[in-house]
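Novice: below: sequence and its predicted model.
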Amino acid sequence: MLAGAPALAQLDSAALVGTVRDSSSAVIPGAMVTATQTTTGVSVNALTNGQGEYAFPSLKIGSYAVAAELQGFRRAIRQNIELHVQERIEVNFTLAVGALSEEVVVSAARSGLLHTQTADIGYAVDQRQVTDLPLLGRRYAELALLTTGVVVAPAGLTSRGEDTFFNANGNYATWNNFMLDGADNNSFSTNLQERSAQVIQPPVDALEEFRVQTRTYSAEFGKAAGAVINASIKQGSNAFRGDLFDFFRDEAFNANTWDNNRADRPKGRFNQHIGGATLGGPILKGHTFFFGDYQATRTTKALTATAVVPTPLMRQGNLIELSRGLTTSAFAPAGCINTAAKTITPSCFDPAAQAMLALYPMPNIPSAVARQGQPGSFGVPNFISNGLLHNDVNQFDVRGDQNVRAGRDQLFGRYSYMNTVRHEPPVLNDP
């Protein structure tokens, strides 16, 4: 007979394990171990087995107080146990003989907890780093660069989007696996049309933390050849907390681009506002909590681009600036093309070609204009534009947490929305 047992996937949560012993180092079966999340007061319980071991395989991230107790022994409490995404922390207890009403309280330093339970290699970016470290464009994924072995992706891919693309241990950026609250958050669009490897790019202020794992991660992440980036949205607590924020950038604080300086052009326009708010708190203290966030991004940015456009002589049919010779064509009337002089009679221009030629702007790079008329001078960029990119993003997240059965079951749900309206200027548009 075959029977199946449920398997717990530790995706956006953490695990806490340990052993309870007495003062003679003998294991204590049947001890009650309680883990209480500090911010919400929600507790979960577990009994030690015959080997004195206990396990909480799926705890929400955050700060915990963990207590172990049994009749005939003093109650032991370990405080300030910080659990991060995908961590498996070992916390052991030694119970001394005494009355249950007596307590032994130990405040644990975060650095004092060794990772002896897993062999994965990674780095947890906590809320303080997420909110305090400067981020260009408020993109949380840039903090992944704090992890050993993570570098910025080559320019060809990075230029595809507004998000941060990075390679992990030599693997391509598109091989990374993004998870949000334990759910798949990978973009599978052709050529990254949403300009990000993520479907939802959560605001920095909405994140509790995220973890980057680069090697030997567990089996539930088997599809990723690169890094696994597991982010977690904040949850509400027993206190109402929130913030308002606005970040502003302007061309007055920027240097000019290299292309503009080379072409003796002034700086293009650049205005960016990123503003929003977060709010979380209790609906029913100790049982039901909510968290929500909204962020609006408004960007107007000049994109410097160079191109090669027809010169005034070319518009008149004089192609002496070309480095290669002209050849006749069976489709051109006799006498229209003079291969020796590199000219085409203007009256031979097709009307459709003349209309298209009129749409091209005139060369505007001084160094290229100065070379006009010289044989072989055509072919290098002679036009520069600073067309305006307009990129508007509206996004929000709503999350609810419910303590279903005290000490046992918890439930949460989240809804995320992100809408981007983007208008890119054509290369030949110079306002």
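Specialist: Nice, I can see it. Numbers count the residues shown, from 1 in each chain.
Novice: where does the stretch 201-350 of the chain have low pLDDT?
Specialist: Low-confidence segments of the stretch 201-350 of the chain, defined by pLDDT under 70: 216, 218-222.
Novice: how about the helices in it?
Specialist: Assigned by DSSP state H, counting those that start in this stretch, the helices in the stretch 201-350 of the chain fall at 258-262, 312-315.
Novice: Throw those into TSV and include mean neighbour count, thanks.
Specialist: For glycine as for every other residue, the C-beta is placed from the backbone atoms N, C-alpha and C. Formatted as TSV, the helices of the stretch 201-350 of the chain follow (neighbours: other CB atoms under 10 Å):
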stretch	mean neighbour count
helix 258-262	14
helix 312-315	16
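Novice: out of those helices, which is closest to residue 62?
Specialist: With CB to CB as the criterion, residue 62 lies closest to helix 258-262 of the helices of the stretch 201-350 of the chain, at 46.7 Å.
Novice: pull the residues that contact that closest one.
Specialist: With contact meaning CB atoms under 8 Å, 6 or more residues apart in numbering, helix 258-262 is reached by 265-268, 304, 306, 365, 367, 384, 386.
Novice: buried among these? Need that as a selection in ChimeraX.
Specialist: In ChimeraX syntax, the buried subset of these is picked out as below (16 or more other CB atoms under 10 Å):
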select :265,267,268,304,306,365,384,386
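Novice: in strands only, show me the contacts of helix 258-262.
Specialist: 304, 306, 384, 386 (DSSP state E).
Novice: among the residues you listed, which pair sits farthest apart?
Specialist: Longest span within those, CB to CB: 306 and 386, 10.7 Å.
Novice: pLDDT of the biggest helix by length in the chain, averaged?
Specialist: Counting by DSSP state H, the longest helix found in the chain is helix 351-359. Helix 351-359 comes out with an average pLDDT of 91.
Novice: circling back: turn the helices of the stretch 201-350 of the chain into TSV, including distance to residue 94.
Specialist: What follows is these, written out as TSV (distance: least, CB to CB, whole Å):
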stretch	distance to residue 94
helix 258-262	65
helix 312-315	88
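Novice: of all those helices, which one is nearest residue 64?
Specialist: For those, proximity to residue 64 was assessed by CB to CB; helix 258-262 is nearest, at 52.0 Å.
Novice: and the spatially closest residue to residue 200 that is not a sequence neighbour, how many neighbours?
Specialist: Nearest in space to residue 200, with sequence neighbours left out and distances taken as CB to CB, 6 or more residues apart in numbering, is residue 416 at 4.7 Å. As a burial measure, residue 416 scores 20 neighbours (other CB atoms under 10 Å).
Novice: so residue 416 makes contact with residue 293?
Specialist: No: with contact defined as CB atoms under 8 Å, residue 416 does not count as touching residue 293 (9.6 Å).
Novice: count of residues packed around the closest residue to residue 63 other than its chain neighbours?
Specialist: In this structure, residue 63 finds its nearest non-sequential neighbour in residue 38, 4.3 Å apart by CB to CB, 6+ apart. Counted with other CB under 10 Å, the neighbours of residue 38 add up to 16.
Novice: the one 10 residues further on now?
Specialist: Counted with other CB under 10 Å, the neighbours of residue 48 add up to 23.
Novice: wait, what's in contact with the spatially most central residue of the chain?
Specialist: For the chain, residue 141 is the residue whose C-alpha lies nearest the centre (CA atoms, centre = their mean; 3.2 Å). Shown in contact with residue 141 (CB under 8 Å, 6+ apart): 163-164, 166, 198, 201, 229.
Novice: hmm, 6 Å instead?
Specialist: Residue 141 sits next to residue 164 when contact means CB atoms under 6 Å, 6 or more residues apart in numbering.
Novice: rewinding a little: give me the beta-bridge partners of the residue nearest to residue 200?
Specialist: Taking DSSP bridges as the rule, residue 416 bridges to residue 397.
Novice: doesn't residue 396 make contact with it?
Specialist: No: the criterion here is CB atoms under 6 Å, and residue 416 misses it with residue 396 at 7.5 Å.
Novice: packing partners for the helix or strand containing residue 413?
Specialist: Element membership for residue 413, per DSSP states H and E: strand 409-423. Strand 409-423 is packed against strand 383-405, with contacts defined by 3 or more CB pairs under 6 Å, 6 or more residues apart in numbering; DSSP states H and E.
Novice: domain map for the protein?
Specialist: Using automatic domain parsing, the domain parsing of the chain gives 14-109, 119-233, 309-380.
Novice: in JSON lines: these, plus distance to residue 255.
Specialist: Listed next are the domains of the chain as JSON lines, based on distance: least, CB to CB, whole Å:
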{"stretch": "domain 14-109", "distance to residue 255": "38"}
{"stretch": "domain 119-233", "distance to residue 255": "14"}
{"stretch": "domain 309-380", "distance to residue 255": "20"}
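Novice: closest to residue 283 out of those domains?
Specialist: Nearest to residue 283 among these is domain 14-109 (11.6 Å), distances taken as CB to CB.
Novice: ok so, going back, how close does the residue nearest to residue 200 sit to residue 328?
Specialist: 63 Å (CB to CB, to the nearest Å).
Novice: hang on, the earlier thing: a helix runs through the residue nearest to the centre of the chain, doesn't it?
Specialist: Yes: counting by DSSP: H, G, I helix; E, B strand; the rest coil, residue 141 is found in a helix.
Novice: gap between it and residue 322?
Specialist: Distance of residue 141 to residue 322, computed by CB to CB: 47 Å.
Novice: for the closest residue to residue 424 other than its chain neighbours, which residues are in contact?
Specialist: Nearest non-adjacent residue to residue 424, counting by CB to CB, 6+ apart: residue 389, 5.6 Å away. By CB under 6 Å, 6+ apart, the residues touching residue 389 are 301, 303, 424.
Novice: show the pLDDT at residue 389.
Specialist: Taking residue 389 on its own, its pLDDT is 91.
Novice: check the one 10 residues further on too.
Specialist: pLDDT recorded at residue 399 is 95.
Novice: ok, now which ones touch it?
Specialist: Residues in contact with residue 399 (CB under 6 Å, 6+ apart) are 233, 291, 414.
Novice: hmm, 7 Å instead?
Specialist: Neighbouring residues of residue 399 by CB atoms under 7 Å, 6 or more residues apart in numbering: 233, 235, 290-291, 412, 414.
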